[in-house]
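Asker: Next input, structure requested:
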Amino acid sequence: MTSITTTYREISKLLPAAQTACRLLFQESFKAGIKNIFITETYCSQERQKYLCE
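Answerer: Numbers count the residues shown, from 1 in each chain. Sure thing, here's the model as predicted:
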């Protein structure tokens, strides 16, 4: 079992449409001169959401 404090940042864990959207976001950001962009979390369980809102 994973901890509710564990973050998941792997784009590969997303649905294919979301993976494509993330890659497009990176591409367009880079074209606009924004080079320091990253995904902070790709999956957040209900338990983690509750933990973060407390």
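Asker: OK, contacts around the spatially most central residue of the chain?
Answerer: Using Cα atoms, centre = their mean, the residue of the chain that lies closest to the mean C-alpha position is residue 42, 2.9 Å off. Residue 42 sits next to 8, 9, 10, 11, 13, 14, 18 when contact means Cβ atoms under 8 Å, 6 or more residues apart in numbering. (C-beta placed from N, C-alpha, C; glycine too.)
Asker: what's the distance between the second one and residue 42?
Answerer: In this structure, residue 9 lies at 6 Å from residue 42, with Cβ to Cβ, to the nearest Å as the measure.
Asker: likewise residue 12?
Answerer: Here the criterion is Cβ to Cβ. By it, residue 12 lies 9 Å from residue 42.
Asker: Ok, residue 18 next?
Answerer: Summarising the geometry, the distance separating residue 18 from residue 42, computed by Cβ to Cβ, is 8 Å.
Asker: now swap in residue 6 and tell me
Answerer: Counting by Cβ to Cβ - residue 6 and residue 42 are separated by 12 Å.
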